[in-house]
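A.B. asks: quick one, fold the following:
(chains A and B)
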Amino acid sequence: MKSFKEILFKSITYFAAIFSILALFGIILTLFMEGLPVFQEVSLKEFLFSSAWYPTNEHQSFGALALLMGSLAVTLGALIIAVPIGLGSAVYLSEVAGSRTKEIVKPMIELLAGIPSVVYGLFGMAFLAPFLIRNLGIDSGLNIFTASIVLGIMIIPIISSMSEDALSNVPRALREASYGLGATKWETITRIVIPAAKTGIIGSFVLGFGRAIGETMVVIMVAGGAAQIPSSIFDPVRPLTTSIAVEMAETVIGSIHFHSLFALAIMLFIITFTTNLFTELFLFKKVK
Amino acid sequence: MNKRKFKEHIGIGFLRLGVIFTAFFLIAFLYIIFSKGGGVLSWTFLTDIPREGMTTGGIFPALVGTLYLTLLSILIALPLGVFTAIYMVHLAKPYWLMRIVRIAVNTLAGVPSIIYGLFGLTLFVRIMQLEVSLISGALTLAILALPVIINSSEEAIRGVPKSFREASLALGATERQTILRVIVPTALPNILTGAIISIGRVAGETAPIMFTAATFYSRKLPTALNHEVMALPYHIYALMTEGSKPEQQVPIAYGTAVVLLLLVLLVSATAIIIRYKIRKSRQW
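C.D. replies: Next comes the predicted model:
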């Protein structure tokens, strides 16, 4: 009964749906295919626990610990800046602001989210770094501190808009019950609304974390690029993404160095994959 | 009682500070970029090629390169995304496959853009031997844009009232006819809005095209799919990290950033206007 056209249409639809699965598998496959060969030359222990990243020395060594620490340092810094500001503005927009303030501020946050990361990088490198040198008396403006500020500004919109969604989904009745019991607005916010929206809010932090740790352009331009375990927030660092992007242009295809960059990408992929899974489980639980 | 009121004042004051900070960042940020880059803008800047080691001249090849890369990638990703969304909303069988597609799409959405770059380098540039080229970059960007397009198309298709589908099926239309002639056309404005928003995103991406498409400098415009291209975001990066005359390069970088921002803002504004018009004209 079914005509050829119907079958063709269904096949195209199925193909499109399966394409995303193929793309994901393709990404995982290429990362492992190009990344694993490095472990024929470098032990996993050295890769994970040594902080000596000297891929171009005569005695090469591929310890990724300092790079991982660099990534974590700037990401943590970004969250310290973006969590209070993002959550604060989300709560304000959802619980306090009138509709006019919302109408002005929400598009602004959307706008902030649409700015390309390389423009944030330019801002950090050409404006913020010299500005901080002049005002803080530090030698170089390209360090954890500057990178954290720029990355932080970048992830404020993610945290703010996702938290706001979570807060707006809290049923009105909960707030009214709280007011009915004589609680102030502040008490209602901190003891009723925020706890009720907890999962969505935590989800927004995790998403912000994933975005910051995977960001490339800002950290290449602003984090300083030194592969060392930082001892101060004004130390330059070299996050995973910086090494991948900068060194890929300099290395010979097929060399150990080339494979080691894919191994770094595996590390990055595992981190973002786990954090995504975490949010997924959180949000899925909420739906149930 | 007073203590509680006092606490409320302080607390809400802090929340307000959050909004003020966010607004302040945005305004300061845009002001700095536009005030430092606005002076460079001119007709020649937009239409001339970069000259003398990128210390003077314009950004025309980068502008054209970004337009090509972006449009091509959306042309590839849009049909795939729309058909995936049709699957998710209307076919959705078998259930396990739909769950896996959903997980794959959500995972893809969270993959850092540099990893898309490595994937494009391995699959398109090396295995398929497409070289560092317009087509390699566009394919890489298409996969990057796919999850966003799937999600927005899915929302658009889900927004079409059930009664439309039922009416069409009751009139004797097949499933294919119903979807292609009733549901997709109804959802089209919203699908396009989503596509336009992802154009803005794709236009600003740098990391995925670093090893797949972009070149620091090219005098000629790309005329074939296998040509390397310049691109606005990569041009900004190149001006800031390569070359030996920062005092001449930095202003050009700011100017390029202004052009890129205007492009992205223009595209988002278009999407917002379309969305607004749809909401006004909708009868259901």
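A.B. asks: who touches residue 147 in this structure?
C.D. replies: You didn't say which chain, so I picked chain A. A:Val74, A:Gly77, A:Ala78, A:Gly124, A:Val218, A:Val219, A:Val222, A:Ala223, A:Gly224, A:Val237 (C-beta atoms under 8 Å, 6 or more residues apart in numbering or on different chains). The way it works is simple: take the backbone N, C-alpha and C, and place the C-beta from them, glycine included.
A.B. asks: look at chain B instead
C.D. replies: Applying C-beta under 8 Å, 6+ apart, one finds that B:Pro147 lies in contact with A:Ser20, B:Val105, B:Asn106, B:Leu108, B:Ala109.
A.B. asks: how about 10 Å then?
C.D. replies: For B:Pro147, the contact set (C-beta atoms under 10 Å, 6 or more residues apart in numbering or on different chains) comprises A:20, A:23-24, B:77, B:81, B:84, B:104-111, B:198.
A.B. asks: repeat that for A:Phe145.
C.D. replies: Taking C-beta under 10 Å, 6+ apart, we find A:Phe145 in contact with A:73-74, A:77, A:128-129, A:132, A:136, A:138, A:222-223, A:232-235.
A.B. asks: what about A:Ala183, which SS state?
C.D. replies: coil (DSSP: H, G, I helix; E, B strand; the rest coil).
A.B. asks: near it, how many other residues are there?
C.D. replies: Counted with other C-beta atoms under 10 Å in any protein chain shown, residues neighbouring A:Ala183 total 18.
A.B. asks: pretty sure B:Met230 is touching B:Gly65, no?
C.D. replies: Yes. Between B:Met230 and B:Gly65 there is a contact under C-beta atoms under 10 Å: 4.6 Å.
A.B. asks: so what sits against both of these two?
C.D. replies: B:Ile59, B:Ala213, B:Ala214, B:Thr215, B:Ser218, B:Leu221, B:Pro222.
A.B. asks: show me which of those residues is closest to chain A.
C.D. replies: Distance to chain A, by C-beta to the nearest C-beta, is smallest for B:Ala214 among these, at 10.5 Å.
A.B. asks: which parts of the stretch 101-250 of chain A are helices?
C.D. replies: A:117-122, A:129-136, A:144-168, A:172-180, A:185-188, A:194-196, A:198-214, A:217-222, A:240-248 (DSSP state H, counting those that start in this stretch).
A.B. asks: between the ones you listed, which one is nearest to A:Ser89?
C.D. replies: Of all these, helix A:144-168 sits nearest to A:Ser89, with 5.0 Å by C-beta to C-beta.
A.B. asks: which single residue in the stretch 151-284 of chain B comes nearest to chain A?
C.D. replies: In the stretch 151-284 of chain B, the residue found nearest to chain A is B:Gly204; the distance is 2.5 Å by C-beta to the nearest C-beta.
A.B. asks: for that residue, the count of nearby residues, please.
C.D. replies: 25.
A.B. asks: excluding chain neighbours, what is closest to it?
C.D. replies: Excluding its sequence neighbours, the residue lying closest to B:Gly204 (C-beta to C-beta, 6 or more residues apart in numbering or on different chains) is A:Pro116, at 2.5 Å.
A.B. asks: ok, now B:Ile272?
C.D. replies: Counting by C-beta to C-beta, 6+ apart, the residue nearest B:Ile272 is A:Pro107, at 7.5 Å.
A.B. asks: how about the one you found, what does it touch?
C.D. replies: Counting by C-beta under 10 Å, 6+ apart, A:Pro107 has contacts B:Ser268, B:Ala269, B:Ile272.
A.B. asks: quick one: buried residues of the helix or strand where the last one lies?
C.D. replies: When you say that, I think you mean B:Ile272. Using DSSP states H and E, B:Ile272 falls within helix B:246-281. Neighbour-count burial for helix B:246-281, counted by 16 or more other C-beta atoms under 10 Å in any protein chain shown, picks out B:249-261, B:263-264, B:267-268, B:270-272, B:275, B:278.
A.B. asks: where does the stretch 101-250 of chain B have low pLDDT?
C.D. replies: By pLDDT under 70, the stretch 101-250 of chain B has no low-scoring segment.
A.B. asks: er, the stretch 101-250 of chain A actually
C.D. replies: Ranges of the stretch 101-250 of chain A meeting pLDDT under 70: none found.
A.B. asks: center of the chain, which residue is that?
C.D. replies: As the question left the chain open, I've gone with chain A. Residue closest to the average C-alpha location in chain A (C-alpha atoms, centre = their mean): A:Arg211, at 1.8 Å.
A.B. asks: nope, chain B
C.D. replies: Chain B has B:Arg201 as the residue nearest its centroid, 2.2 Å off, counting by C-alpha atoms, centre = their mean.
A.B. asks: so that residue makes contact with B:Leu141?
C.D. replies: Yes. Judged on C-beta under 10 Å, B:Arg201 makes contact with B:Leu141 at a distance of 9.4 Å.
A.B. asks: which ones are touching B:Leu265?
C.D. replies: Neighbouring residues of B:Leu265 by C-beta under 10 Å, 6+ apart: A:Leu111, A:Gly114, A:Ile115, B:Leu30, B:Gly200.
A.B. asks: picking that back up, most neighbours among the contacts of A:Phe145, which one?
C.D. replies: Counting neighbours by other C-beta under 10 Å, A:Val74 leads these with 34 neighbours.
A.B. asks: what about that one, is that helix, strand or coil?
C.D. replies: Using three-state DSSP, the structure places A:Val74 in helix.
A.B. asks: ok, the one 4 residues further on next?
C.D. replies: The local conformation at A:Ala78, judged by three-state DSSP, is helix.
A.B. asks: run a quick neighbour tally on it.
C.D. replies: 29.
A.B. asks: state the distance from the nearest residue to it once chain neighbours are set aside to A:Gly214.
C.D. replies: Of all residues not flanking A:Ala78 in the chain, A:Leu151 sits nearest, at 3.6 Å (C-beta to C-beta, 6+ apart). According to C-beta to C-beta, to the nearest Å, A:Leu151 and A:Gly214 sit 11 Å apart.
A.B. asks: what touches both of these two?
C.D. replies: With contacts taken as C-beta under 10 Å, 6+ apart, the residues that reach both A:Leu151 and A:Gly214 are A:Thr75, A:Pro239.
A.B. asks: who has more neighbours out of these two?
C.D. replies: Neighbour count, other C-beta under 10 Å: between A:Leu151 and A:Gly214, A:Leu151 has more, with 30 against 25.
A.B. asks: that older thread, phi first, then psi, for the residue nearest to B:Gly204.
C.D. replies: phi -60, psi 140 (degrees, to the nearest 10).
A.B. asks: I'd guessed it sits against B:Val259; true?
C.D. replies: No. A:Pro116 lies out of contact with B:Val259 (C-beta under 10 Å); the separation is 11.4 Å.
A.B. asks: perfect, that will be all.
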